[in-house]
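S.K.: 3D model of this:
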Amino acid sequence: MEVNPGIKRTAAMVVLRHGKEFLLLKRNKEPNAGRFVPIGGKLEPYERPIDAAIRETHEEAGLRLDKEQLYYAGVLAESSPTNYNWLCFIYVADIGRIPPPPCDEGALEWIHFGRIPDIPTPPTDWQIYQYLMRRQPFALDAVYDENLEMLEMREEIGGEVVWGR
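M.R.: As a prediction, this is how the structure comes out:
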(Lines give C-alpha, C1' and ligand atoms only; values in the text may rest on other atoms or scores of the structure.)
Protein backbone atom coordinates (compact mmCIF):
# COMPACT_ATOMS: atom_id res chain seq x y z
CA MET A 1 0.00 0.00 0.00
CA GLU A 2 1.48 3.33 -1.09
CA VAL A 3 1.29 6.20 1.38
CA ASN A 4 1.36 9.79 0.15
CA PRO A 5 4.56 11.62 1.15
CA GLY A 6 4.19 13.39 4.48
CA ILE A 7 1.19 11.33 5.63
CA LYS A 8 1.81 9.72 9.01
CA ARG A 9 2.00 5.94 9.17
CA THR A 10 0.47 4.44 12.30
CA ALA A 11 2.29 1.92 14.47
CA ALA A 12 2.02 0.20 17.83
CA MET A 13 5.11 -0.36 19.97
CA VAL A 14 5.35 -2.64 22.99
CA VAL A 15 7.96 -2.15 25.68
CA LEU A 16 8.50 -5.51 27.33
CA ARG A 17 9.70 -4.83 30.86
CA HIS A 18 10.96 -6.84 33.82
CA GLY A 19 11.65 -4.55 36.76
CA LYS A 20 14.28 -2.09 35.51
CA GLU A 21 15.13 -4.10 32.41
CA PHE A 22 13.66 -3.86 28.93
CA LEU A 23 13.63 -6.59 26.29
CA LEU A 24 14.66 -4.54 23.25
CA LEU A 25 15.20 -5.42 19.63
CA LYS A 26 18.47 -4.53 17.90
CA ARG A 27 16.95 -3.98 14.45
CA ASN A 28 18.58 -5.45 11.38
CA LYS A 29 16.68 -3.28 8.88
CA GLU A 30 15.54 0.30 8.39
CA PRO A 31 14.16 2.33 9.93
CA ASN A 32 16.59 2.33 12.85
CA ALA A 33 18.87 -0.48 11.66
CA GLY A 34 21.52 -1.19 14.31
CA ARG A 35 19.57 0.58 17.05
CA PHE A 36 17.76 -0.91 20.04
CA VAL A 37 13.99 -0.36 19.88
CA PRO A 38 10.84 -1.83 21.42
CA ILE A 39 9.06 -4.46 19.38
CA GLY A 40 6.20 -3.31 17.23
CA GLY A 41 5.13 -2.34 13.77
CA LYS A 42 2.57 -0.83 11.46
CA LEU A 43 -1.13 -1.22 12.01
CA GLU A 44 -2.93 -3.25 9.38
CA PRO A 45 -6.07 -1.81 7.74
CA TYR A 46 -8.98 -1.66 10.22
CA GLU A 47 -6.74 -2.91 13.06
CA ARG A 48 -6.99 -1.35 16.52
CA PRO A 49 -3.68 -0.23 18.08
CA ILE A 50 -3.97 -2.66 21.01
CA ASP A 51 -4.67 -5.55 18.63
CA ALA A 52 -1.58 -4.58 16.60
CA ALA A 53 0.45 -4.53 19.83
CA ILE A 54 -0.71 -8.05 20.68
CA ARG A 55 -0.05 -9.30 17.13
CA GLU A 56 3.40 -7.71 16.90
CA THR A 57 4.41 -9.09 20.31
CA HIS A 58 3.56 -12.58 19.11
CA GLU A 59 5.19 -12.15 15.69
CA GLU A 60 8.44 -10.63 16.96
CA ALA A 61 8.90 -12.19 20.42
CA GLY A 62 6.70 -15.28 20.27
CA LEU A 63 4.80 -14.09 23.33
CA ARG A 64 1.03 -14.37 23.52
CA LEU A 65 -0.25 -11.44 25.53
CA ASP A 66 -3.85 -10.47 26.14
CA LYS A 67 -5.29 -7.00 26.58
CA GLU A 68 -5.14 -7.23 30.38
CA GLN A 69 -1.33 -7.67 30.26
CA LEU A 70 -0.79 -4.46 28.29
CA TYR A 71 -1.22 -0.96 29.51
CA TYR A 72 -1.35 2.09 27.32
CA ALA A 73 1.57 4.38 28.19
CA GLY A 74 1.31 7.16 25.62
CA VAL A 75 1.66 8.33 22.06
CA LEU A 76 4.58 9.59 19.98
CA ALA A 77 4.10 11.69 16.85
CA GLU A 78 7.15 12.08 14.60
CA SER A 79 7.21 14.65 11.81
CA SER A 80 9.85 15.35 9.19
CA PRO A 81 10.09 16.82 5.68
CA THR A 82 10.99 13.29 4.48
CA ASN A 83 8.96 10.09 4.31
CA TYR A 84 9.67 9.46 8.03
CA ASN A 85 6.36 10.52 9.60
CA TRP A 86 4.82 8.28 12.26
CA LEU A 87 2.12 8.15 14.90
CA CYS A 88 3.08 5.45 17.44
CA PHE A 89 0.87 4.10 20.20
CA ILE A 90 3.16 2.94 23.03
CA TYR A 91 2.19 0.07 25.32
CA VAL A 92 4.01 -1.65 28.20
CA ALA A 93 3.83 -5.27 29.27
CA ASP A 94 5.49 -6.40 32.49
CA ILE A 95 6.74 -9.93 31.89
CA GLY A 96 8.97 -12.50 33.54
CA ARG A 97 12.67 -12.43 32.64
CA ILE A 98 12.65 -15.02 29.88
CA PRO A 99 15.60 -15.93 27.66
CA PRO A 100 15.48 -13.58 24.64
CA PRO A 101 13.56 -15.44 21.93
CA PRO A 102 14.75 -15.50 18.31
CA CYS A 103 13.35 -12.76 16.09
CA ASP A 104 13.64 -12.35 12.32
CA GLU A 105 13.61 -8.53 12.74
CA GLY A 106 16.94 -8.58 14.66
CA ALA A 107 18.26 -9.73 18.03
CA LEU A 108 16.29 -9.32 21.26
CA GLU A 109 18.33 -8.44 24.34
CA TRP A 110 17.62 -7.50 27.94
CA ILE A 111 18.90 -3.96 28.59
CA HIS A 112 18.99 -2.39 32.07
CA PHE A 113 17.39 1.06 32.28
CA GLY A 114 20.71 2.58 33.38
CA ARG A 115 22.46 1.35 30.21
CA ILE A 116 20.00 2.87 27.75
CA PRO A 117 21.81 6.24 27.35
CA ASP A 118 24.96 4.28 26.36
CA ILE A 119 23.46 2.15 23.57
CA PRO A 120 22.27 3.18 20.11
CA THR A 121 18.56 4.02 20.24
CA PRO A 122 16.32 6.37 18.28
CA PRO A 123 16.62 9.91 19.68
CA THR A 124 13.09 9.83 21.14
CA ASP A 125 13.45 6.66 23.16
CA TRP A 126 15.43 7.81 26.22
CA GLN A 127 12.65 10.28 27.04
CA ILE A 128 9.99 7.58 26.55
CA TYR A 129 11.76 5.13 28.90
CA GLN A 130 11.98 7.82 31.59
CA TYR A 131 8.22 8.39 31.38
CA LEU A 132 7.65 4.62 31.56
CA MET A 133 9.79 4.25 34.67
CA ARG A 134 7.78 7.02 36.36
CA ARG A 135 4.55 5.42 35.11
CA GLN A 136 3.65 8.85 33.76
CA PRO A 137 1.42 9.08 30.67
CA PHE A 138 2.78 11.09 27.76
CA ALA A 139 1.91 12.61 24.41
CA LEU A 140 5.22 13.37 22.71
CA ASP A 141 5.70 15.31 19.49
CA ALA A 142 9.13 15.02 17.83
CA VAL A 143 10.21 17.18 14.89
CA TYR A 144 13.10 16.23 12.60
CA ASP A 145 15.02 17.99 9.86
CA GLU A 146 15.60 16.63 6.33
CA ASN A 147 18.57 14.55 7.62
CA LEU A 148 16.34 12.98 10.30
CA GLU A 149 18.17 14.79 13.07
CA MET A 150 15.72 15.50 15.85
CA LEU A 151 15.25 19.25 16.31
CA GLU A 152 12.80 19.26 19.20
CA MET A 153 10.56 17.02 21.24
CA ARG A 154 7.65 18.48 23.15
CA GLU A 155 5.44 16.82 25.74
CA GLU A 156 1.96 17.94 24.70
CA ILE A 157 0.15 17.24 27.99
CA GLY A 158 2.25 19.70 29.98
CA GLY A 159 3.36 21.75 26.98
CA GLU A 160 7.03 21.57 27.84
CA VAL A 161 10.00 21.01 25.55
CA VAL A 162 11.67 17.83 26.83
CA TRP A 163 14.45 17.76 24.25
CA GLY A 164 15.81 20.48 22.04
CA ARG A 165 19.02 21.72 20.60
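S.K.: now the helices for this structure?
M.R.: Along the chain, the stretches classed as helices by DSSP state H are 49-61, 125-134.
S.K.: poorly predicted segments of this structure, please.
M.R.: 1, 3, 165 (pLDDT under 70).
S.K.: one more time with 50, if that's ok
M.R.: Along the chain, segments meeting pLDDT under 50 are nowhere present.
S.K.: circling back to that earlier point, tell me which of the helices of the chain lies nearest to residue 97.
M.R.: helix 49-61 (13.1 Å; C-beta to C-beta). Every C-beta, even on glycine, is put in place using the N, C-alpha and C of the backbone.
S.K.: list of residues touching that closest one?
M.R.: 10-14, 16, 23, 25, 39-44, 47, 63-67, 70, 72, 89, 91, 93, 101, 103, 105, 108 (C-beta atoms under 8 Å, 6 or more residues apart in numbering).
S.K.: which among those residues count as buried?
M.R.: Using 16 or more other C-beta atoms under 10 Å as the burial test, the contacts of helix 49-61 include 11-14, 16, 23, 25, 39-41, 43, 63, 65, 70, 89, 91, 93, 103, 105, 108 as buried.
S.K.: quick revisit: among the contacts of helix 49-61, which are located in strands?
M.R.: Among those, the ones falling in strands (DSSP state E) are 10-14, 16, 23, 25, 39-42, 70, 72, 89, 91, 93, 103, 108.
S.K.: residue 124 against residue 78, yeah?
M.R.: Yes: Residue 124 lies in contact with residue 78 (C-beta atoms under 8 Å); the separation is 7.0 Å.
S.K.: quick one: which of the two has more around it?
M.R.: Ranked by neighbour count (other C-beta atoms under 10 Å), residue 124 and residue 78 place residue 78 first, with 24 against 20.
S.K.: bridge partners for the more buried one, pull those for me.
M.R.: Beta-bridge partners of residue 78, counted by DSSP bridges, are residue 86, residue 142.
S.K.: residues bridging contact with residue 124 and residue 78, i.e. touching both?
M.R.: Common contacts of residue 124 and residue 78, defined by C-beta under 8 Å, 6+ apart, comprise residue 142.
S.K.: check contacts around residue 33.
M.R.: Here residue 33 is in contact with residue 27 (criterion: C-beta under 8 Å, 6+ apart).
S.K.: er, residue 149 actually
M.R.: Contacts of residue 149 (C-beta under 8 Å, 6+ apart): residue 123.
S.K.: distance of it relative to residue 163?
M.R.: Computed as C-beta to C-beta, to the nearest Å, the residue 149 to residue 163 distance reads 12 Å.
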